[in-house]
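# coordinates only, sequence not included:
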């Protein structure tokens, strides 16, 4: 499964698969996605398609890009 992550202008971390997206509630949850991505359990990437290993790899993007991650759930 491919999960894309991005920051909105408020600093909220969003993850989505193109169908659904949701805001992450804590850095602990973000860290879990990173671990799953590193382990190969899922593909965890930023909006450039690069593997995310830390928060510094996540870009701040506009609302249209956040919406492209999927429908908010």
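That came through, no problem. All figures in this text were calculated on a predicted structure; none of them were measured in a lab. Numbering: from 1, shown residues only.
# drop to CA atoms for contacts and neighbour counts, all remaining ones
Noted.
# which residues in the chain form helices?
Assigned by DSSP state H, the chain shows helices spanning 27-39, 63-68.
# nearest to residue 45, of those?
Taking CA to CA, helix 27-39 is the member of the helices of the chain nearest to residue 45, at 8.2 Å.
# Tell me who's in contact with residue 36.
Counting by CA atoms under 8 Å, 6 or more residues apart in numbering, residue 36 touches 42, 44.
# Return the distance of it relative to residue 43.
Residue 36 is 8 Å from residue 43, where distance means CA to CA, to the nearest Å.
# Residue 63 too?
The spacing between residue 63 and residue 43, counted by CA to CA, is 23 Å.
# returning to what we had before: in CSV, list the helices of the chain along with distance to residue 54 and mean pLDDT.
As requested, the helices of the chain are exported to CSV (distance: least, CA to CA, whole Å; pLDDT from 0 to 100):
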stretch, distance to residue 54, mean pLDDT
helix 27-39, 7, 96
helix 63-68, 19, 97
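# Show me the one of the ones you listed that comes nearest residue 53.
With distances scored as CA to CA, the stretch of the helices of the chain nearest to residue 53 is helix 27-39 (5.6 Å).
# now for the lengthiest strand in the chain, which elements pack on it?
Counting residues, the longest strand in the chain under DSSP state E turns out to be strand 2-7. On a contact count with 3 or more CA pairs under 8 Å, 6 or more residues apart in numbering; DSSP states H and E, strand 2-7 meets strand 13-16, strand 43-45.
# Need the contact partners of it.
With contact meaning CA under 8 Å, 6+ apart, strand 2-7 is reached by 13-17, 42-47, 49, 58-61, 66, 69.
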